[in-house]
Structure formats: C-alpha cells, structure tokens
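next input, structure requested:
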Amino acid sequence: MRGVALLAGATWIAGAQGAGFAIIEHSAQGLGTAFSGGAASAADGSTVYFNPAGMSRLEGTQVHAAGHVIITSFDFTDTGSFQATPAGNLPLLPTASRSDDGGTIGLVPNLYYVRDLAPGWKFGLGVNAPFGLRTEYGRNWVGRYQAVESDILSINVNPSLSFKVSDDLSFGFGVNAMYLRAKLSNAIDFDAVCRGSVAPAVVAGSGLVPPPAIPATVAATCTGLPGSGSSEGFVENEADDWGFGINAGLLYQVTPTTRVGIAYRSEVHHELEGDANFTVPAGIAAGAFGPATQGTIATLFADTSARANLDLPASLSASLHQRIGDKFTLLADATWTGWSSVQELRIDFGTPGQPDGVETLGWDDTWRLSLGLEYAHNDRLTLRTGVAWDESPIPNAAARTARLPDNDRVWLAFGASYRVSDRLSADFGYVHLFVDDTDIQRTGSTGSVLRGTYDSQADILSAQVRYRFK
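Numbers count the residues shown, from 1 in each chain. Presented below is the predicted three-dimensional model:
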C-alpha cells in the first residue's frame with residue numbers, strides 16, 4: 001500500500017515534465033511564417049532568443065513588445081477506461097463524465113531591447129516564456145485521478161552580445177536565467193490506496209512501483225471498490241526554481257541574396273522545490289479504514305515538501321533567408337530538440353521514511369521543419385505565410401499524459417507587417433495548428449487506466465510593436 005499511496009501524491013510533477021510543452025511564440029513577425037527563418041531572419045528583437053548573432057543587423061536602439069493569445073482544445077472521448085486490480089479490471093468511475101475538454105486560453109508576452117555597445121558590438125536583452133502549459137478538466141471527469149489542473153509558467157531573462165566580425169559574418173552569445181513554476185492537481189482514489197489495487201501485469205513496463213501484498217485483515221476494512229469514486233481525496237501542488245543556461249549562434253551572408261544562421265540553446269537544469277497539500281476525507285482520516293491503515297494514511301498523505309530535478313531540453317537550429325527578386329523572400333528552418341533528456345520522473349518527498357517516487361517516461365528527441373514566404377507589397381506593407389511540421393516527443397499512447405496530450409501537428413500561418421513611420425512598425429500573425437487524432441492509454445499511480453482519444457487543435461493570435469530610437 002505504501003507504493004500506491006506514494007505515487008498517488010507524486011503524479012503532480014509528471015505534468016511539470018510533460019513532453020511537448022516548449023513555447024516558440026517569441027515574435028509576432030516570426031509567427032506569420034511559422035518561424036521558418038528563426039535563426040537567419042534577424043528582422044526584429046526576437047533574434048536575441050532565436051540567434052543573438054542577428055543583433056548585428058538591427059539598426060540603432062530598438063524596443064520590441066509582443067503578445068500572443070493561445071487558444072487550445074483537447075477534447076477527450078473515453079473508449080473504455082478501467083481500474084486495474086489483482087482480481088481483474090473494473091469499470092473506472094462509472095458515473096463520471098466520459099468526455100471533457102482540457103483546453104484553455106493563455107497569454108504569452110515578449111519584450112526585447114537591443115542597442116549599440118561599441119563599434120561592431122551589440123547588446124540585447126530578451127524577456128520571454130520558453131516553456132509553458134495550461135490544461136484544466138472538470139473535477140467529475142473520468143481521468144481525474146491522473147490530472148485536473150496543470151499550470152506551468154516560465155520566465156526567461158536573456159542578456160546577449162553580438163560581434164560583427166566582417167560585413168558578412170557575425171557571432172552572438174547569451175546567458176539565460178529561467179524561472180519555472182509548476183502548479184498541478186489531481187484527485188486521489190483512497191479505495192485503491194486502501195486495497196493496494198494496482199495490478200502487477202499493468203505495472204510491468206509502466207514505470208510504477210507495484211505495492212506489497214495487502215494483509216487480509218486490512219483489506220477487510222476497505223469499504224469501496226477501487227475506481228468507484230466512493231472515497232476520494234485531492235492533492236494540490238506547487239514548486240518552483242531558477243535555472244541557468246546559455247545560447248549562441250552565428251550568422252553568415254553567403255551572397256547578397258542568401259543568408260544562413262545556426263543557433264544553439266543549452267539544457268537548463270532545475271531543482272524544483274515546493275509543497276504537496278493533501279485533502280483526505282474526514283472519515284478516512286478518522287480511521288474509517290481501520291487502525292491498521294490510519295497511521296499509514298496519516299503519514300503518506302500529510303502535507304509535506306517535495307523536490308524533483310528537471311532538465312529542460314537543448315535545441316539546435318539551422319535557418320535560411322533567401323531573397324528572390326525585389327518582392328519575395330523564401331525562409332526555411334530545421335530545429336532539433338533534445339527531449340530525450342526527459343527519461344524518468346524521480347521525486348524526493350520531505351516526510352521521513354517516504355521512498356522516492358519513480359515513473360518511467362522515455363521521451364524522444366524531435367524535429368521541427370518549416371517553410372515560409374514573405375511578399376513586400378510596398379515600402380510599408382509586407383505579407384507573410386508559412387507551414388511547419390512539428391514532431392511530438394511522445395513515443396506512444398502509454399507514455400502520453402492527460403496533462404498535455406501532445407501529438408504531431410502541422411502549422412498553417414499568415415501574417416503582415418505595416419511600417420507606420422520610419423521608427424514605428426506593427427506586426428500581426430495568426431496560426432492554426434492541425435493535430436493528429438491522439439490516443440491515450442495511460443496507467444495512473446493507483447491503477448486507473450485512462451483510455452480514449454483526443455481531438456485537439458490550437459489557434460494563435462499575435463500582435464507586436466517595434467520602435468527604433470535615433
């Protein structure tokens with residue numbers, strides 16, 4: 001029973017490591033081409049993030065501010081979720097809602113400042129959010145033992161320098177100070193905790209720790225069937241940390257019409273520290289499951305501290321900026337992200353005697369490929385479009401989490417820029433994300449198996465202003 005109880009409270013940090021929660025929305029101008037020229041365009045202050053070498057192409061002192069509204073839909077339909085027990089599979093929460101939409105609306109801001117520092121040198125400062133997640137389900141949905149609310153926020157402060165070696169070649173380097181906060185919650189099935197009901201056959205390969213055999217004298221005091229919802233608690237968790245990394249890049253003007261850029265961002269290591277706050281039904285806390293379980297429940301479900309290590313992935317990008325005549329520019333990008341840094345979840349709880357919680361995840365490295373086109377209608381108006389294929393790091397339905405049911409997707413982007421004056425410009429972008437139908441068959445910490453299909457999509461609306469001082 002100890003192993004089941006431990007992981008029932010440990011699932012919160014799995015959401016904090018949920019695969020595919022990187023945010024690329026760092027420029028409204030870049031959004032219009034699906035970020036297809038990220039490391040080579042050097043068109044606005046977001047080059048501090050995408051390739052700091054690109055600051056060498058910006059004129060004078062500039063300030064850029066952008067906001068991105070992200071509207072997501074994760075519409076779940078149940079296809080036979082069940083509760084695994086040593087005696088066989090039972091229906092999971094038969095009176096719960098069999099469908100729910102975990103999508104939300106979020107706002108992602110960016111701010112960039114670039115200025116001359118010395119001949120050939122530029123200084124830049126970027127403030128943005130490289131990682132984030134927001135999903136929320138109703139407390140009556142069938143997957144509530146695995147996820148209810150998931151809210152991950154990051155703030156990255158990125159001072160950078162660029163040096164112009166020649167008219168054709170520039171280098172850039174930056175330091176990243178990243179704040180990460182995770183707030184996550186889920187329900188707890190105390191009937192499953194009491195009976196130690198995770199089936200060993202299901203546990204195999206899932207990364208969950210199988211519980212020890214529960215004595216018959218204890219089992220006799222368990223009042224409800226696992227997965228029935230008759231005895232439920234809740235856990236709400238919050239943890240945060242500052243981590244540090246670097247980014248670097250080069251920009252090379254191959255010909256008067258062809259420019260290439262290469263950019264690298266390092267892993268950022270976080271040692272998250274926070275609290276786990278449990279709600280235990282009053283009857284169970286008072287000993288409804290009998291004296292043999294009361295002390296264990298009081299220990300394992302007492303409010304406590306928690307710690308977990310997390311390595312946010314490194315990335316490497318190669319981009320092309322190719323002018324075609326006076327009106328058109330072709331953009332292309334290939335970005336690798338090292339999500340294989342996330343292989344397992346290991347949580348250290350503050351209560352003496354509690355073992356670490358361990359859950360296998362096994363995510364894969366990914367590629368993102370994009371292609372875009374810009375059309376300079378006149379000196380003031382530029383139009384854009386772009387497409388991208390964005391690969392998910394989730395290897396299969398068993399590894400997918402309800403906190404972020406990620407899958408491969410295709411981006412279709414449109415955008416425009418308007419130069420209001422010699423110093424002031426405005427940029428707008430819109431993207432629709434087409435996401436493949438997404439199967440999930442995820443085993444939770446108390447043996448609940450969430451089985452179903454997600455119909456997912458997302459829309460992103462972006463606006464930005466750029467101002468150049470004298």
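
how about low-confidence regions in the chain?
1-20, 196-221, 287-296, 345, 347, 353-360 (pLDDT under 70).

show me the helices in it, by range?
2-8, 12-16, 28-31, 47-50, 190-195, 200-203, 216-219, 282-285, 291-300 (DSSP state H).

go ahead and confirm residue 241 touches residue 268.
No: Residue 241 lies out of contact with residue 268 (Cβ atoms under 8 Å); the separation is 9.9 Å. To be clear about C-beta, it is placed using only N, CA and C from the backbone, and glycine gets the same treatment.

the more surrounded of these two?
Legend: neighbour count by other Cβ atoms under 10 Å for residue 241 and residue 268, higher for residue 268 (24 against 20).

thinking that one is in contact with residue 245, fair?
Yes: applying Cβ under 8 Å as the test, residue 268 and residue 245 come out as touching, 4.1 Å apart.

which residues are common contacts for the two?
Contact criterion Cβ atoms under 8 Å, 6 or more residues apart in numbering; residues shared by residue 268 and residue 245: 176, 178, 312.

quick check: closest non-adjacent residue to residue 372.
If the residues on either side of it in the chain are set aside, residue 372 comes closest to residue 33, at 2.8 Å by Cβ to Cβ, 6 or more residues apart in numbering.

ramachandran angles for the one you found?
phi -110, psi 20 (degrees, to the nearest 10).

distance of it relative to residue 310?
31 Å (Cβ to Cβ, to the nearest Å).

neighbour count winner among those two?
residue 33 (33 against 22).

now residue 94, nearest residue through space, not along the chain?
Distances taken as Cβ to Cβ, 6+ apart place residue 228 nearest to residue 94, at 7.6 Å, with adjacent residues excluded.

residues contacting the one you found?
90, 93, 94, 191.

I'd like these as JSON lines, with distance to residue 281 and neighbour count appended.
Formatted as JSON lines, the contacts of residue 228 follow (distance: Cβ to Cβ, whole Å; neighbours: other Cβ atoms under 10 Å):
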{"residue": "90", "distance to residue 281": "20", "neighbour count": "17"}
{"residue": "93", "distance to residue 281": "16", "neighbour count": "24"}
{"residue": "94", "distance to residue 281": "20", "neighbour count": "11"}
{"residue": "191", "distance to residue 281": "11", "neighbour count": "22"}
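
and which of those residues is nearest residue 377?
Nearest to residue 377 out of those is residue 93 (Cβ to Cβ; 56.2 Å).

out of the shared contacts of residue 268 and residue 245, which comes closest to residue 237?
residue 312 (18.8 Å).

any idea how far the nearest residue in space to the closest one that is not next to it in sequence is from residue 122?
Leaving aside its sequence neighbours, residue 312 sits nearest to residue 268 (Cβ to Cβ, 6+ apart; 4.5 Å). Applying Cβ to Cβ, one obtains 24 Å for the distance of residue 268 from residue 122.

what of residue 392?
Using Cβ to Cβ, residue 392 is found at 36 Å from residue 122.

the two - which one has more neighbours?
Remark: of residue 392 and residue 122, residue 122 carries more neighbours, 26 against 21, as counted by other Cβ under 10 Å.

across the sheet, point out what pairs with that one.
On the basis of DSSP bridges, residue 122 is bridged to residue 116, residue 162.

mind listing what it touches?
By Cβ under 8 Å, 6+ apart, the neighbours of residue 122 are 55, 56, 58, 114, 115, 116, 161, 162, 164.

those residues, buried ones only, as a PyMOL selection?
Paste this into PyMOL to select the buried members of these, with burial taken from 16 or more other Cβ atoms under 10 Å:
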select buried, resi 55+56+58+114+161+162+164
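
just flag the most distant two among the contacts of residue 122.
Taking Cβ to Cβ, no two of the contacts of residue 122 sit farther apart than 115 and 164, at 14.4 Å.

distance of the nearest residue to residue 126 once chain neighbours are set aside from residue 33?
Once flanking residues are discounted, residue 126 sits nearest to residue 48: 3.7 Å by Cβ to Cβ, 6+ apart. The spacing between residue 48 and residue 33, counted by Cβ to Cβ, is 18 Å.
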